[in-house]
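*Asks:* here you go, sequence then predicted model.
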Amino acid sequence: MSTPKDAPIFDPVAFRLERREAEIIDKARQFGARVLAPRAAKHDREATFPIENFRDMHPEGLLGICVPERDGGQGASFRTYCLAAAELGRYCGATALSWNMHVCSTLWTGALADDLEMSAEDRNAHNGRRSKHYKRIVGEGAIYSQPFSEGGAAAAGAAAFGTEAKPVDGGFLVSGKKIFASLSGAADYYGILCTERSEGDAASRKNTLYLAVPAKAEGVSVVGDWDPLGMRGTVSRTLLLKDVFVAEDEMLMPRGVYFRAATSWPHMFLTLSPTYMGLAQAAYDFTVSYLRGELPGTPPVKRRMFPTKQIAVAEMRIMLEQTKALWFQAVSEARAEPTKEQVLRAYAAQFTVMENANALAAKAIRTCGGQAMLKNLPLERVYRDSRCGSLMLPWTAEICLDRIGKEALYEAGETDA
Ligand SMILES: Cc1cc2nc3c(=O)[nH]c(=O)nc-3n(C[C@H](O)[C@H](O)[C@H](O)COP(=O)(O)OP(=O)(O)OC[C@H]3O[C@@H](n4cnc5c(N)ncnc54)[C@H](O)[C@@H]3O)c2cc1C
């Protein structure tokens with residue numbers, strides 16, 4: 001019997017998923033196939049943001065997937081979110097990647113922040129503020145984004161953010177520039193990372209603030225165009241902030257907590273990978289379906305009888321299984337204060353997913369042949385979208401390699417002097 005094209009990427013029984021977890025992921029899979037897939041080509045071709053996908057996510061509860069249940073959300077865990085996002089990624093990479101920016105605004109302030117040390121006063125204030133953000137999302141369908149990148153070393157975690165927040169009465173005056181700001185022009189709130197700095201202070205990563213800047217605030221503008229190779233529907237244009245007043249209530253984390261999260265909950269940066277896990281699966285699914293002569297929109301020509309194609313599919317299957325196994329382990333063990341082994345595995349999982357998604361797509365094109373890469377079929381989009389994965393800061397493929405090599409050979413504080 002053939003495997004249905006859209007069987008779950010992670011079979012709930014084989015991967016021992018919890019019942020509620022499997023239900024949430026299944027809902028995402030069905031939403032992806034029904035709603036995202038038919039719209040993906042148009043947004044890719046036109047480089048337009050799929051706002052209607054986000055509007056349709058609202059009644060499905062997908063905007064609040066990681067909002068705690070007591071705040072009206074689905075209370076999905078880190079792993080549940082990752083598996084659900086992979087299911088969306090297989091149908092529309094750009095939607096899944098920009099949905100990731102939105103969801104992380106709730107996951108990081110929710111389940112992840114619950115794991116971090118905070119004073120009772122900070123915890124209280126944080127719980128009050130995040131409820132307000134969650135209410136906007138669950139009640140009104142508000143969309144959040146995460147423009148962190150500035151073009152320098154800050155998004156790589158190696159320097160303080162150049163975007164700065166000057167404390168003023170009741171809040172902050174924020175100025176700076178964010179590049180590759182997915183959802184720019186579409187989000188209702190931009191979740192900005194910036195450095196809190198008063199006159200005369202030195203900039204420090206420890207003073208990183210995570211603020212929700214209302215898109216309509218005075219001083220916010222979106223500039224430049226967006227005409228990239230892949231992930232065209234993310235519409236990641238440049239965001240400029242000039243003396244934007246942001247009320248203290250818009251803090252997404254209390255002072256000092258983002259820095260603590262980045263150091264003690266490192267798997268938070270693995271959240272860019274689920275989209276690409278989905279794209280890896282999409283490349284494989286396409287190949288099997290195409291070679292069997294069953295791909296909708298193509299003539300029923302079978303190509304599966306050639307031994308070279310069978311070997312290529314076998315190699316793809318092995319690469320996909322390796323990718324899934326490592327990634328599933330890494331997303332399952334995400335937690336505060338992970339062991340060194342778990343962190344090395346997380347880097348390895350990120351590297352593997354990001355590199356293998358594109359390797360699988362490239363192999364799919366070679367194996368299926370010329371007609372398979374025509375623009376009326378999704379494979380060439382999967383190929384272009386998947387090429388973007390290893391560029392995503394702070395865990396680019398290069399940075400993962402750097403860290404694995406260094407951290408495997410040196411214990412903390414060790415030198416050769
Ligand atoms: C489709 C797409 C969507 C994106 N959406 C978002 C988004 O919503 N929000 C967001 O914040 N970002 C987003 N990004 C941005 C992404 O994370 C990168 O910042 C972006 O690709 C631009 O990077 P760059 O060319 O400046 O990177 P690079 O030049 O690769 O890196 C920038 C800096 O990081 C440091 N660095 C890079 N590599 C190393 C290394 N090996 N060792 C040490 N330091 C290093 C260096 O200081 C370097 O100058 C997106 C990217 C893509 C492709």
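*Replies:* Now that the structure is in, tell me what you want to look at.

*Asks:* not counting sequence-adjacent ones, nearest residue to residue 389?
*Replies:* With C-beta to C-beta, 6 or more residues apart in numbering as the criterion, residue 389 has its nearest non-adjacent residue at 3.6 Å, and that residue is residue 354. Where you see a C-beta, it was placed from the backbone N, CA and C, and this is true even at glycine.

*Asks:* so that neighbour is in which element?
*Replies:* Element membership for residue 354, per DSSP states H and E: helix 340-368.

*Asks:* report all helices and strands that that helix contacts.
*Replies:* In terms of contacts (3 or more C-beta pairs under 8 Å, 6 or more residues apart in numbering; DSSP states H and E), helix 340-368 is packed against helix 274-291, helix 307-332, helix 379-387, helix 397-409.

*Asks:* ranking those helices by burial, who's on top?
*Replies:* Most buried of the helices and strands packed on helix 340-368 by mean neighbour count (mean count of other C-beta atoms under 10 Å) is helix 274-291; its value is a mean of 27.

*Asks:* so how far is the helix or strand hosting residue 79 from its chain's centroid?
*Replies:* In this structure, residue 79 sits in helix 78-89 according to DSSP H and E. Counting by C-alpha atoms, centre = their mean, to the nearest Å, helix 78-89 is centred 9 Å from the centre of its parent chain.

*Asks:* in PDB, list the C-alpha atoms belonging to it.
*Replies:* The C-alpha atoms that make up helix 78-89 are tabulated as PDB, following Å, rounded to 0.1, in the frame of the first residue of the first chain:
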ATOM      1  CA  PHE A  78       8.200  23.900  22.400                       C
ATOM      2  CA  ARG A  79       8.100  20.500  20.800                       C
ATOM      3  CA  THR A  80       4.500  20.600  19.800                       C
ATOM      4  CA  TYR A  81       5.000  23.900  18.200                       C
ATOM      5  CA  CYS A  82       8.000  22.700  16.300                       C
ATOM      6  CA  LEU A  83       6.200  19.700  14.900                       C
ATOM      7  CA  ALA A  84       3.200  21.700  13.900                       C
ATOM      8  CA  ALA A  85       5.400  24.300  12.200                       C
ATOM      9  CA  ALA A  86       7.100  21.600  10.200                       C
ATOM     10  CA  GLU A  87       3.700  20.500   8.900                       C
ATOM     11  CA  LEU A  88       3.000  24.100   7.800                       C
ATOM     12  CA  GLY A  89       6.500  24.400   6.200                       C
END
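
*Asks:* what average pLDDT does it get?
*Replies:* This predicted structure assigns helix 78-89 an average pLDDT of 98.

*Asks:* other SSEs contacting that helix?
*Replies:* On a contact count with 3+ C-beta pairs under 8 Å, 6+ apart, helix 78-89 meets helix 19-31, helix 93-107, helix 274-291, helix 307-332.

*Asks:* among the ones you listed, which is nearest the ligand?
*Replies:* Proximity of the helices and strands packed on helix 78-89 to the ligand was assessed by C-beta to the nearest ligand atom; the nearest stretch is helix 93-107, lying at 4.7 Å.

*Asks:* and residue 229, how many neighbours?
*Replies:* Residue 229: 10 surrounding residues under other C-beta atoms under 10 Å.

*Asks:* now the angle from the helix holding residue 79 to helix 340-368?
*Replies:* Our comparison of helix 78-89 with helix 340-368, counting by axes from the mean of the first three to the mean of the last three C-alpha atoms, to 10 degrees, yields an angle of 10 degrees.

*Asks:* so is helix 78-89 next to the ligand?
*Replies:* No: counting by C-beta under 6 Å from any ligand atom, no contacts exist between helix 78-89 and the ligand, the nearest distance being 12.5 Å.

*Asks:* cool, stretch 222-236 as well?
*Replies:* Yes: residues of stretch 222-236 are located near the ligand by C-beta under 6 Å from any ligand atom, namely 231, 234, 236.

*Asks:* can you list the buried residues in that stretch?
*Replies:* For stretch 222-236, a neighbour-count test (16 or more other C-beta atoms under 10 Å) marks 222, 226, 230-236 as buried.

*Asks:* in the stretch 201-350 of the chain, what residue comes closest to the ligand?
*Replies:* Counting by C-beta to the nearest ligand atom, the stretch 201-350 of the chain gets nearest the ligand through residue 231, at 3.4 Å.

*Asks:* in contact with that residue, which residues?
*Replies:* Taking C-beta atoms under 8 Å, 6 or more residues apart in numbering as the definition of contact, the neighbours of residue 231 are 93-94, 97, 384-385, 388.

*Asks:* adding mean pLDDT and distance to the ligand, write the helices and strands packed on helix 340-368 out as JSON lines.
*Replies:* Conversion of the helices and strands packed on helix 340-368 to JSON lines gives the following (pLDDT from 0 to 100; distance: least, C-beta to the nearest ligand atom, whole Å):
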{"stretch": "helix 274-291", "mean pLDDT": "98", "distance to the ligand": "10"}
{"stretch": "helix 307-332", "mean pLDDT": "98", "distance to the ligand": "19"}
{"stretch": "helix 379-387", "mean pLDDT": "98", "distance to the ligand": "8"}
{"stretch": "helix 397-409", "mean pLDDT": "98", "distance to the ligand": "4"}
